[in-house]
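> How does the following fold in three dimensions:
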Amino acid sequence: MKYCLVIPHYNHLEALREFLSVLSVLPYPVIIVDDGSEFAIIEQLASVIATYDDVSLVKHNCNRGKGAAVISGCYQARMLGYSHIIQIDADGQHDSTDIGKFIAYSQEHPQTIISGKPVFNDSAPKARVYGRKVTDFWVALETLSLQVKDSLCGFRLYPLAQIEMLIDRYHIGPRMDFDTDILVKAVWTDISLHFVPTKVVYPVNGVSHFHYLSDNWRLIRLHTRLMLGMFLRLPQLLYRRISRIF
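I've put the predicted structure just below:
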């Protein structure tokens, strides 16, 4: 098994510059997917990347969304011969020391999607903390299970074969809806999930690209589609649940 890091990036240069110095001590190559940042930022980003041996850049010509950036990173990783990717945010809010836990579990369970389960401190906005509880409630209904312990964390390890299966089988939301959408469809496809508690710290003066109006409206539409999808798959999901009991 071969692992690499995939970082979706959009106008987060200063935070990413600092985070790369942290990641550079890890024994894993890094693929940064720039999702249509401003031209001047891309130029500076390319200069920063040139100072590292194991960091490469994939560029979107326009902003296509976080999910589209992760998928581009998956395709690039596959082309370079990797079997798994670790998705991690560019702003350094995730605890990279937990990557070792993700990989240790993956080596024993290579077909499992592994996700962080955030442990927040006081830096976390209350709206985010309570908002994800609402999202997780809907995800439990959409999957008829409690398998998804957190549906929004952007710190995950994906086996590429399983991701490619999901991309081929379903439409996956290309923007902020990606993280939730792909876990629900992984449950529908009976792909195993595992969650690792991990500290999440919101950087002081950090910049979020989550737009409360447009992205919350996108999530409302996502959950409407997923609920309809759940009803269509209700016999299959119930049969799977019952067969595992008996």
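
> nearest residue to Met165 other than its sequence neighbours?
Thr189 (6.8 Å; CB to CB, 6 or more residues apart in numbering). Any C-beta I mention is one placed from the backbone N, CA and C, and that applies to glycine too.

> which neighbours does the helix or strand where Asp34 lies have in its sheet, and in what orientation?
According to DSSP states H and E, Asp34 maps onto strand 30-35. When pairing is defined by DSSP bridges, strand 30-35 lines up against strand 3-9 (parallel), strand 55-60 (parallel).

> and these as JSON lines, adding distance to Arg128, mean pLDDT and mean neighbour count?
Shown next, in JSON lines, are the strands paired with strand 30-35 (distance: least, CB to CB, whole Å; pLDDT from 0 to 100; neighbours: other CB atoms under 10 Å):
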{"stretch": "strand 3-9", "distance to Arg128": "18", "mean pLDDT": "97", "mean neighbour count": "24"}
{"stretch": "strand 55-60", "distance to Arg128": "26", "mean pLDDT": "96", "mean neighbour count": "17"}
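
> what's the closest of those to Met165?
strand 3-9 (17.8 Å; CB to CB).

> which element follows the closest one toward the C-terminus?
helix 13-23.

> what is the rounded mean pLDDT of that following helix?
For helix 13-23, mean pLDDT rounds to 93.

> buried set for that helix?
Across helix 13-23, burial judged by 16 or more other CB atoms under 10 Å covers 13, 15-17, 19-20, 23.

> Could you dump the residues you listed into TSV with distance to Met165 added?
Below are those laid out as TSV (distance: CB to CB, whole Å):
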residue	distance to Met165
Leu13	34
Ala15	33
Leu16	30
Arg17	35
Phe19	30
Leu20	31
Leu23	28
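
> Grab the nearest non-local neighbour of the residue nearest the centre of the chain.
Most central in the chain under CA atoms, centre = their mean is Gly154, positioned 3.7 Å from the mean C-alpha point. The spatial neighbour of Gly154 that comes closest, neighbours along the chain excluded (CB to CB, 6+ apart), is Asp89 at 4.8 Å.

> check contacts around the one you found.
Contact analysis of Asp89 by CB atoms under 8 Å, 6 or more residues apart in numbering lists 7-8, 154-155.

> and Lys126, which of the strands paired with strand 30-35 is closest to it?
strand 3-9 (25.4 Å).

> any idea of the angle the closest one forms with helix 13-23?
Taking axes from the mean of the first three to the mean of the last three CA atoms, to 10 degrees, one finds strand 3-9 and helix 13-23 inclined to each other by 170 degrees.

> need the strands for this structure, in chain order.
Counting by DSSP state E, the chain has strands at residues 3-9, 30-35, 55-60, 84-87, 113-120, 156-159, 193-200.

> Format those strands as CSV; extra columns: distance to Thr224.
Converted to CSV, those look like this (distance: least, CB to CB, whole Å):
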stretch, distance to Thr224
strand 3-9, 25
strand 30-35, 26
strand 55-60, 28
strand 84-87, 26
strand 113-120, 23
strand 156-159, 24
strand 193-200, 23
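
> Nearest to Thr97 among the ones you listed would be which one?
strand 193-200 (9.0 Å).

> contacting residues around the closest one?
Here strand 193-200 makes contact (CB under 8 Å, 6+ apart) with 93-95, 98, 101-102, 105, 109, 112-121, 124, 147-150, 153, 155, 183, 186-187.

> what's the answer for stretch 232-246, then?
143-145, 188, 190, 230.

> and it, which residues are buried?
Leu237.

> re earlier: now do the phi/psi pair for the residue nearest to Gly154.
phi -70, psi 150 (degrees, to the nearest 10).

> now it: how far from Ile7?
For Asp89, the distance to Ile7 (CB to CB, to the nearest Å) stands at 7 Å.

> show me what contacts the residue nearest to Met165?
165-166, 169.
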